[in-house]
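K.L.:
Just the structure for this:
(2 chains)
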2 protein chains.
Amino acid sequence: LGSHSTETAVPIPTLERLSTYLRYLLELEGDGVETVRSSELEEHTGISAAQFRKDLSYFGEFGKPGIGYYVSDLRRRIATILKLDSEQLVLLVGAGNLGSALVAYPGWEQYRLRIAAVFDNNVAKIGRRLWDLEIFDIRKMPELNRYLESRMGIIAVPAPAAQSAADMLIRSGVRAILNFAPATIRAAPDVAVRTVSFIQEMAVLSYCLWTGTPECGRP
Amino acid sequence: LGSHSTETAVPIPTLERLSTYLRYLLELEGDGVETVRSSELEEHTGISAAQFRKDLSYFGEFGKPGIGYYVSDLRRRIATILKLDSEQLVLLVGAGNLGSALVAYPGWEQYRLRIAAVFDNNVAKIGRRLWDLEIFDIRKMPELNRYLESRMGIIAVPAPAAQSAADMLIRSGVRAILNFAPATIRAAPDVAVRTVSFIQEMAVLSYCLWTGTPECGRP
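P.N.:
Here you go, the predicted model:
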């Protein structure tokens, strides 16, 4: 598994920002831009140049005085930091509308992530296809993942089914889960779980809208 | 618009947690549970009972000694705090896979939110339906929102189209935007923008997975 747990602990907000820098750098690279200054990064991402330099300082020296940063080089180095430098397979649970949108998402490849298999517990869906992927019976997951060896999973099922989806992912060897269900997932401490809850984001926006809270924006 | 900007500023993380409490309370209410203790809330949401009490303290007294909290009452009060106590219309830009999943999401009503109109710039989609909603030409938005008077919008378009979708929402009167595109949205300070970036969450998970960072979980 190539554990790097001897590294200095990097704060989660730094990781989130690294991921934002990566997104921007991929964009620049796609546009054929060769160098970027921290001031441009600030302008584009809303993250201050000082914060950017501080975040990078966890990992060494990157910039060149008078030039800024070489886009491809920095992109590669951040991808390496985030362990996105070689392909990782992802298991998806839930072949519904959200699952369909996730499989169709065009950005996976840039992050070297690939949804390798889709699972559902609905017999009407099992054996059918979600885009180019076969939908498997969720009970087949441990067996199937014995050769896929995926360590990452996504839960895109309704809230009542979320915990059992998580349990099955974990039983199959997954140790990092992105949960889209509006439900709290219980997992052992060696499993990283992050929840994306857009309805909760909407609730925060509602408050911000009606109270005029200025710091609500998180662009 | 009923501005409440004279209230003490509530930190965003508190708002995010309030939204988590609301989700849990809706769940309990749906199950017919009448009272809840902060220890149960801690057990279920992973947010400590002390944090819960502190978050509520911004808004007054809620609990009853020896009983805990009346579920329906607390649910109503938190919904009121978050301004989710009367119906709000939401404009959706993007009638693709993600847009489809968002319209089909069954949880809107509980939050008194309703997607009132869907917009796209693809002529092949305009005039067709996304579930029970007609897909409108994005250029019709300002006109249509003159009578809908929606203040909230969702961006579910590819990254290159995200800024123009935001501009159109803002021009139409929207002042709170949830952005699903992996792009930074520029908006005036009176517009609240929050971005949901699942691919960035995956990047954080990737780092956590390979470094064994324990504090990665955010359940």
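
K.L.:
Where does pLDDT dip in chain A?
P.N.:
A:1-8, A:214-215, A:217-219 (pLDDT under 70).

K.L.:
can you give me the helices for it?
P.N.:
A:12-30, A:38-45, A:49-57, A:71-81, A:97-104, A:141-148, A:159-171, A:198-211 (DSSP state H).

K.L.:
quick one, which of the ones you listed is packed in tightest?
P.N.:
Of those, the one with the most neighbours on average (mean count of other Cβ atoms under 10 Å in any protein chain shown) is helix A:198-211, at a mean of 23. Quick note: C-beta positions are derived from backbone N, CA and C, even for glycine.

K.L.:
That helix vs helix B:97-104, what angle?
P.N.:
80 degrees (axes from the mean of the first three to the mean of the last three Cα atoms, to 10 degrees).

K.L.:
Against which helices or strands is the longest strand belonging to chain A packed?
P.N.:
As assigned by DSSP state E, the longest strand anywhere in chain A is strand A:113-120. Applying 3 or more Cβ pairs under 8 Å, 6 or more residues apart in numbering or on different chains; DSSP states H and E, one finds that strand A:113-120 makes contact with strand A:88-93, helix A:97-104, strand A:133-137, helix A:141-148, helix B:198-211.

K.L.:
partners of residue A:136 in the sheet?
P.N.:
With DSSP bridges as the criterion, residue A:136 is bridged to residue A:119.

K.L.:
I'd say it and residue A:142 touch.
P.N.:
No: taking contacts as Cβ atoms under 8 Å, residue A:136 lies outside contact range of residue A:142: 11.3 Å.

K.L.:
re the thing from before, only C-alpha atoms, please: export the longest strand of chain A in CSV.
P.N.:
C-alpha atoms of strand A:113-120 as CSV (Å, rounded to 0.1, in the frame of the first residue of the first chain):
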residue,chain,number,x,y,z
LEU,A,113,-9.6,8.1,-11.3
ARG,A,114,-11.8,5.5,-13.1
ILE,A,115,-15.2,4.1,-12.0
ALA,A,116,-14.5,0.4,-12.6
ALA,A,117,-17.8,-1.1,-11.5
VAL,A,118,-21.3,-0.1,-10.6
PHE,A,119,-23.4,-1.9,-8.0
ASP,A,120,-27.1,-1.8,-7.1
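
K.L.:
Any buried residues in that strand, and which?
P.N.:
The neighbour-count check on strand A:113-120 (16 or more other Cβ atoms under 10 Å in any protein chain shown) flags A:113, A:115-120 as buried.

K.L.:
Nearest to chain B among these?
P.N.:
residue A:113 (6.0 Å; Cβ to the nearest Cβ).

K.L.:
Hmm, the closest one is touching residue A:85, no?
P.N.:
No: using Cβ under 8 Å as the test, residue A:113 is too far from residue A:85 to be in contact (11.7 Å).
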